[in-house]
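Engineer: when you get a sec, could you give me coordinates for this:
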Amino acid sequence: MQQSFANNTLVRQMLLDLMAPFLSRHSILLLATLAGLAGLVGPFGTYDIFPPGERLIYWAAIVLGTAGIGHAATSGLERTLRRLGVPVWLELAAIAFLAAVPVCLVVALVSLVFGFNPFSGHLPVLYLQCVAVLGGIAVLFHLAAPSPVADASDEKEQRAARPMLLDRLPVAKRGRILRLSAQDHYVEVVTENGNALIAMRFRDAIAEASPEPGLQCHRSHWVALHAIQGRTRKDKRAGLTTTCGAFVPIGRTYSTSVTRALQGA
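Structural biologist: Residues are numbered from 1 along each chain as shown. Below you'll find the predicted structure:
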């Protein structure tokens, strides 16, 4: 039961993280503009294939259908390739060719709905078109990205002062860590910008929360010192109140160490 709950929570969290970049007014306006322009211009031969109204609906379905899967694929590949130290040109090429696979599948399925069968010899051309579009987008984002910090020592200091655990979180959820909670094989990470579930060991998550000062108050709970408001009791259980409004229980084994930590804070 607990495993099923954790899995369902993880799925919901992943879906929210996937949708988050496209829920702002700016993103919705941008996607609507792209769909409108594509429906008007009719690229890749769609101007001759579909009448105006159907062409607009077709491209709206394409833009909305590929935005989420394309963002997820490119973001995941980018993080992985950068950790591996892959050269920039190879990173951009890999993103274009690999992310084009799920994007191409979405385009093919939408095309089938509109009566065009891309599997009858047109799939390779469709895939290369997706590669070209994703490659162009990747290059544009790379050129528009801010230049690296000139002083390498400052960059190293910034990385050293930043918990490694944040690199595992969706960009929108990254922020100063408030608390960690173990849930079966997952760890819930709560930051100033939200919460996310990560599949990892609890003790590893605590280690990666460093250098953020904190204390383990229970076998399944860790709290950052800056997030602690004080001690309290709830339903005859000792616990900590936090700035995020959560009640975090204190285990008997950790009671003495919590008291010492709070006295020294």
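Engineer: what are the ranges of the helices in the stretch 51-200 of the chain?
Structural biologist: With DSSP state H, counting those that start in this stretch as the criterion, the stretch 51-200 of the chain has helices at 52-83, 88-113, 123-144, 152-160.
Engineer: contacts only, for the nearest residue to residue 208 once chain neighbours are set aside.
Structural biologist: Leaving aside its sequence neighbours, residue 208 sits nearest to residue 165 (Cβ to Cβ, 6 or more residues apart in numbering; 3.9 Å). C-beta coordinates here come from the backbone N, C-alpha and C atoms, glycine included. Contacts for residue 165 (Cβ atoms under 8 Å, 6 or more residues apart in numbering) come out as 177, 189, 198, 205, 208-209.
Engineer: between those, which has the most around it?
Structural biologist: Counting neighbours by other Cβ atoms under 10 Å, the top entry in these is residue 189, with 27 neighbours.
Engineer: pLDDT score assigned to that one?
Structural biologist: We have a pLDDT of 93 for residue 189.
Engineer: surely it and residue 200 touch.
Structural biologist: No. Applying Cβ atoms under 8 Å, one finds residue 189 not in contact with residue 200, separated by 9.6 Å.
Engineer: separation between the residue nearest to the spatial centre of the chain and residue 177?
Structural biologist: The centroid of the chain falls nearest to residue 170 when counting by Cα atoms, centre = their mean (3.0 Å). Residue 170 sits 14 Å away from residue 177, going by Cβ to Cβ, to the nearest Å.
Engineer: quick one on the thing from earlier: was I right about the residue nearest to the centre of the chain contacting residue 196?
Structural biologist: Yes. Residue 170 is in contact with residue 196 according to Cβ under 8 Å; the separation is 6.1 Å.
Engineer: quick one: distance of the one helix or strand residue 233 maps to to the chain centre.
Structural biologist: Residue 233 belongs to strand 228-234 when assigned by DSSP states H and E. Strand 228-234 sits 32 Å away from the centroid of its parent chain (Cα atoms, centre = their mean, to the nearest Å).
Engineer: then stretch 64-79?
Structural biologist: Stretch 64-79 sits 10 Å away from the centroid of its parent chain (Cα atoms, centre = their mean).
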